[in-house]
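> pasting the sequence and the predicted model now:
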Amino acid sequence: MIDISLIKKDLTEIGKQIIKENNLSDIEIQFKHVRRGRARRKTRKITIPIWAITGVKAYGIYYVIHEIVHFIKYDLYNLGDYHGELFKKIETSILKKYNIKSIYNKAYAKYLTDLNGNKICKKYGEAIDFYEKV
Ligand SMILES: [Zn+2]
(Lines give C-alpha, C1' and ligand atoms only; values in the text may rest on other atoms or scores of the structure.)
Protein backbone atom coordinates (compact mmCIF):
# COMPACT_ATOMS: atom_id res chain seq x y z
CA MET A 1 0.00 0.00 0.00
CA ILE A 2 1.43 3.34 -1.05
CA ASP A 3 1.57 6.05 1.61
CA ILE A 4 0.64 9.01 -0.53
CA SER A 5 1.28 11.58 2.21
CA LEU A 6 4.91 10.46 2.46
CA ILE A 7 5.33 10.69 -1.30
CA LYS A 8 3.87 14.22 -1.28
CA LYS A 9 6.18 15.24 1.56
CA ASP A 10 9.19 13.76 -0.18
CA LEU A 11 8.44 15.39 -3.54
CA THR A 12 7.63 18.73 -1.89
CA GLU A 13 11.05 18.68 -0.20
CA ILE A 14 12.75 17.91 -3.51
CA GLY A 15 10.78 20.72 -5.18
CA LYS A 16 11.62 23.23 -2.45
CA GLN A 17 15.29 22.31 -2.74
CA ILE A 18 15.28 22.97 -6.49
CA ILE A 19 13.40 26.26 -5.96
CA LYS A 20 16.08 27.29 -3.46
CA GLU A 21 19.00 26.22 -5.65
CA ASN A 22 17.65 28.38 -8.49
CA ASN A 23 17.00 31.38 -6.23
CA LEU A 24 13.31 31.47 -7.08
CA SER A 25 10.74 33.13 -4.83
CA ASP A 26 8.59 30.59 -3.05
CA ILE A 27 6.20 28.44 -5.04
CA GLU A 28 3.33 26.47 -3.55
CA ILE A 29 3.35 22.84 -4.64
CA GLN A 30 0.00 21.10 -4.56
CA PHE A 31 -1.10 17.60 -5.51
CA LYS A 32 -4.56 17.08 -6.96
CA HIS A 33 -6.68 14.59 -8.80
CA VAL A 34 -6.35 16.35 -12.13
CA ARG A 35 -5.50 15.16 -15.60
CA ARG A 36 -2.56 17.47 -16.21
CA GLY A 37 -0.07 19.45 -14.17
CA ARG A 38 0.12 23.23 -14.21
CA ALA A 39 2.45 26.07 -13.31
CA ARG A 40 0.48 29.24 -12.57
CA ARG A 41 2.68 32.26 -12.88
CA LYS A 42 0.31 34.75 -11.21
CA THR A 43 -0.49 32.72 -8.11
CA ARG A 44 2.92 30.96 -7.95
CA LYS A 45 1.30 27.58 -7.65
CA ILE A 46 2.30 24.27 -9.14
CA THR A 47 -0.22 21.47 -9.47
CA ILE A 48 0.99 17.91 -9.76
CA PRO A 49 -1.52 15.20 -10.69
CA ILE A 50 -1.89 12.37 -8.18
CA TRP A 51 -1.52 9.77 -10.95
CA ALA A 52 1.96 11.09 -11.68
CA ILE A 53 3.24 10.40 -8.17
CA THR A 54 1.87 6.95 -7.48
CA GLY A 55 4.13 5.12 -9.93
CA VAL A 56 7.91 5.01 -9.88
CA LYS A 57 9.45 7.79 -7.83
CA ALA A 58 11.51 9.07 -10.76
CA TYR A 59 8.36 9.96 -12.65
CA GLY A 60 7.07 12.07 -9.74
CA ILE A 61 10.45 13.82 -9.53
CA TYR A 62 10.39 14.40 -13.29
CA TYR A 63 6.93 15.95 -13.05
CA VAL A 64 7.84 18.29 -10.18
CA ILE A 65 10.98 19.38 -12.04
CA HIS A 66 9.01 19.96 -15.25
CA GLU A 67 6.62 22.39 -13.53
CA ILE A 68 9.43 24.21 -11.69
CA VAL A 69 11.28 24.70 -15.00
CA HIS A 70 8.30 26.81 -16.11
CA PHE A 71 9.03 29.14 -13.17
CA ILE A 72 12.74 29.23 -13.96
CA LYS A 73 11.75 30.45 -17.41
CA TYR A 74 9.24 32.95 -16.02
CA ASP A 75 11.44 34.33 -13.26
CA LEU A 76 14.98 34.13 -14.59
CA TYR A 77 14.37 34.58 -18.31
CA ASN A 78 10.98 36.34 -18.34
CA LEU A 79 9.80 33.88 -20.95
CA GLY A 80 6.42 32.26 -21.45
CA ASP A 81 4.82 28.90 -21.11
CA TYR A 82 6.12 27.02 -24.12
CA HIS A 83 8.52 24.06 -24.12
CA GLY A 84 11.38 25.09 -26.40
CA GLU A 85 15.03 24.12 -26.56
CA LEU A 86 15.90 26.25 -23.52
CA PHE A 87 13.16 24.54 -21.53
CA LYS A 88 14.55 21.11 -22.37
CA LYS A 89 18.12 22.20 -21.68
CA ILE A 90 17.22 23.43 -18.18
CA GLU A 91 15.02 20.41 -17.48
CA THR A 92 17.73 17.99 -18.63
CA SER A 93 20.36 19.59 -16.40
CA ILE A 94 18.17 19.43 -13.28
CA LEU A 95 17.01 15.87 -13.98
CA LYS A 96 20.67 14.85 -14.23
CA LYS A 97 21.20 15.61 -10.54
CA TYR A 98 18.59 12.95 -9.78
CA ASN A 99 20.09 10.42 -12.20
CA ILE A 100 17.15 10.82 -14.57
CA LYS A 101 17.13 11.43 -18.31
CA SER A 102 14.01 12.27 -20.29
CA ILE A 103 13.66 10.72 -23.70
CA TYR A 104 11.47 13.36 -25.27
CA ASN A 105 8.39 13.09 -27.35
CA LYS A 106 7.84 16.77 -28.20
CA ALA A 107 7.47 18.58 -24.86
CA TYR A 108 7.13 15.63 -22.52
CA ALA A 109 9.00 12.48 -21.61
CA LYS A 110 8.16 9.52 -23.76
CA TYR A 111 10.00 7.52 -21.13
CA LEU A 112 12.70 8.01 -18.53
CA THR A 113 16.08 6.36 -18.20
CA ASP A 114 18.88 6.68 -15.69
CA LEU A 115 22.08 8.35 -16.85
CA ASN A 116 23.47 4.99 -17.97
CA GLY A 117 20.54 4.58 -20.31
CA ASN A 118 18.69 1.97 -18.28
CA LYS A 119 14.99 2.40 -18.71
CA ILE A 120 13.20 3.54 -15.55
CA CYS A 121 9.64 3.80 -16.73
CA LYS A 122 7.36 4.76 -19.52
CA LYS A 123 5.09 7.74 -19.28
CA TYR A 124 2.90 6.37 -16.51
CA GLY A 125 1.43 3.06 -17.58
CA GLU A 126 4.51 1.09 -16.71
CA ALA A 127 5.09 0.14 -13.10
CA ILE A 128 2.51 2.52 -11.78
CA ASP A 129 1.69 0.10 -8.99
CA PHE A 130 4.95 0.50 -7.14
CA TYR A 131 7.02 3.29 -5.69
CA GLU A 132 10.72 2.97 -5.17
CA LYS A 133 13.75 5.02 -4.31
CA VAL A 134 15.71 6.20 -7.33
ZN1 LIG B 1 4.98 22.14 -19.24
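That came through, no problem.
> got a list of contacts for the strand or helix carrying I48?
I48 belongs to strand 45-49 when elements are defined using DSSP states H and E. Residues outside strand 45-49 that contact it (CB atoms under 8 Å, 6 or more residues apart in numbering): 11, 15, 27-40, 60, 63-64, 67-68, 71. (Each C-beta comes from the backbone N, C-alpha and C, glycine too.)
> repeat that for stretch 72-89.
Applying CB under 8 Å, 6+ apart, the external contacts of stretch 72-89 come out as 22, 24-25, 39, 41, 69-70, 90, 102, 104, 106-108.
> between which two of those residues is the distance greatest?
S25 and K106 (29.4 Å; CB to CB).
> quick check: angle from the helix or strand following the strand holding I48 to strand 45-49?
Sequence order places helix 57-77 as the next helix or strand after strand 45-49, per DSSP H and E. Put simply, helix 57-77 runs at 160 degrees to strand 45-49, going by axes from the mean of the first three to the mean of the last three CA atoms, to 10 degrees.
> quick one: name whatever helix or strand follows helix 57-77.
Following helix 57-77 toward the C-terminus (DSSP H and E): helix 85-96.
> what lines up beside the strand holding I48 in the sheet?
Looking at strand 45-49 with DSSP bridges, its partner strands are strand 28-32 (parallel), strand 38-40 (antiparallel).
> now those in TSV, with mean pLDDT and distance to G117?
Converted to TSV, the strands paired with strand 45-49 look like this (pLDDT from 0 to 100; distance: least, CB to CB, whole Å):
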stretch	mean pLDDT	distance to G117
strand 28-32	97	30
strand 38-40	96	29
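> just put these in a markdown table and tack on mean neighbour count and distance to N78.
Below are the strands paired with strand 45-49 laid out as a markdown table (neighbours: other CB atoms under 10 Å; distance: least, CB to CB, whole Å):
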| stretch | mean neighbour count | distance to N78 |
| --- | --- | --- |
| strand 28-32 | 15 | 21 |
| strand 38-40 | 16 | 15 |
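> how about TSV for those, with distance to I120 added?
Below are the strands paired with strand 45-49 laid out as TSV (distance: least, CB to CB, whole Å):
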stretch	distance to I120
strand 28-32	21
strand 38-40	23
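> those: which one's closest to K97?
Closest among those, once you apply CB to CB, is strand 28-32, at 17.8 Å.
> many thanks, have a good one.
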